[in-house]
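Peer 1: Sequence first, then the predicted structure, then my questions.
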Amino acid sequence: MDILAINGVNKRFGGLRALDNVNLNVKEGTIHAIIGPNGAGKSTLLNCLVGRIIPDEGSVDFNGHRLLGRHPHQINQAGIARVFQTPEVFGELTVMENVMIPAFASTDGAFQINLWRRAADRRQVAAEAEEILEDLNLIDQRDQIVNSMSRGDKRRLELAMCLVQKPKLLLLDEPTAGMSRADTNNTVELLKKIAKRKITKVIIEHDMHVVFSLADTVSVMAQGTVIAEGAPDQIKSDPRVQEAYLGGAHL
Ligand SMILES: Nc1ncnc2c1ncn2[C@@H]1O[C@H](COP(=O)(O)OP(=O)(O)OP(=O)(O)O)[C@@H](O)[C@H]1O
């Protein structure tokens with residue numbers, strides 16, 4: 001079953017067609033990678049999914065909801081979480097506090113306070129948050145102030161803040177950008193480790209090692225449109241992809 005269906009999405013910036021009739025479906029429970037050269041439209045598409053950019057035409061259906069026209073926080077509450085390239089965390093707070101905020105926001109709603117339910121659920125939410133921090137190797141830093149952490153740790157924390165919301169769909173925007181090979185490999189291992197949570201993932205990634213070791217399906221974008229889609233092995237050997245993506249070089 002498709003959890004996400006993008007149909008006929010167009011977006012122009014002045015005279016530039018950043019998205020040109022994009023059609024893309026994501027199957028529930030899979031890891032779906034979107035690759036393509038710089039300027040292909042990947043980030044613009046992701047921004048359309050989370051309500052940061054409004055397409056000119058087309059539709060986006062997620063788990064039975066029409067997403068276009070909804071505000072980012074409504075899309076988040078419908079079950080989509082996003083990990084940014086630059087981590088968006090609360091620097092003055094501790095790791096544990098950072099994780100508890102989205103946990104309660106997702107159970108209570110962004111602008112509601114339910115003190116009774118909070119009192120009853122607090123221990124369970126804290127236990128879930130601790131389990132996620134364990135999985136992401138952050139448990140030893142649970143009381144650390146976030147501003148003093150490395151960028152890599154902040155990225156893992158942001159991933160923890162997404163997981164604690166129990167999203168149905170997790171969007172990862174270049175999760176290994178700027179990382180060393182060792183840190184990239186660690187990130188791949190962490191993403192494999194969190195697979196037990198069975199969250200559907202859409203991942204934009206330039207590192208082919210990451211794409212081919214994680215993805216079930218790969219969509220290739222070029223010049224604002226999807227030019228190929230398939231299993232990683234099919235995509236690797238597709239001449240259109242080699243041509244568009246790397247000017248004929250081998251993936
Ligand atoms: N807000 C904007 N205003 C004008 N042009 C934009 C805007 N955002 C993106 N673009 C243009 O739209 C095109 C697609 O950009 P986008 O960032 O989506 O590509 P991308 O595939 O994510 O590239 P990269 O891999 O370099 O991040 C590019 O030509 C870009 O310059």
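Peer 2: Structure received.

Peer 1: Quick one: residues contacting the nearest residue to residue 226 once chain neighbours are set aside.
Peer 2: Counting by CB to CB, 6 or more residues apart in numbering, the nearest residue to residue 226 once its immediate chain neighbours are dropped is residue 219, at 5.2 Å. Yep, even glycine has a C-beta here, placed from its N, CA and C like the rest. Residues in contact with residue 219 (CB atoms under 8 Å, 6 or more residues apart in numbering) are 24, 32-35, 226, 228-229.

Peer 1: what about the longest helix anywhere in the chain, average pLDDT?
Peer 2: Longest helix in the chain, counting residues (DSSP state H): helix 115-135. In this model, helix 115-135 has an average pLDDT of 78.

Peer 1: Follow the chain on from that helix and name the next helix or strand.
Peer 2: Going down the chain from helix 115-135, the next helix or strand is helix 151-163, by DSSP states H and E.

Peer 1: name the helices or strands packed onto that next one?
Peer 2: strand 80-83, helix 95-108, helix 115-135, helix 181-193 (3 or more CB pairs under 8 Å, 6 or more residues apart in numbering; DSSP states H and E).

Peer 1: So, low pLDDT: which residues of this protein?
Peer 2: Applying pLDDT under 70 to the chain picks out residues 85, 106-120, 245-251.

Peer 1: Outline the domain layout of it.
Peer 2: Domain ranges of the chain: 1-79+167-251, 94-166, per automatic domain parsing.

Peer 1: Switch those domains over to JSON lines; also include distance to the ligand.
Peer 2: What follows is the domains of the chain, written out as JSON lines (distance: least, CB to the nearest ligand atom, whole Å):
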{"stretch": "domain 1-79+167-251", "distance to the ligand": "3"}
{"stretch": "domain 94-166", "distance to the ligand": "17"}
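
Peer 1: As JSON lines, these with distance to residue 86 would be great.
Peer 2: What follows is these, written out as JSON lines (distance: least, CB to CB, whole Å):
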{"stretch": "domain 1-79+167-251", "distance to residue 86": "9"}
{"stretch": "domain 94-166", "distance to residue 86": "9"}
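
Peer 1: who does the spatially most central residue of the chain bridge with?
Peer 2: Taking CA atoms, centre = their mean, the centroid of the chain lies closest to residue 171, which sits 1.5 Å from it. Residue 171 has these beta-bridge partners by DSSP bridges: residue 82, residue 202.
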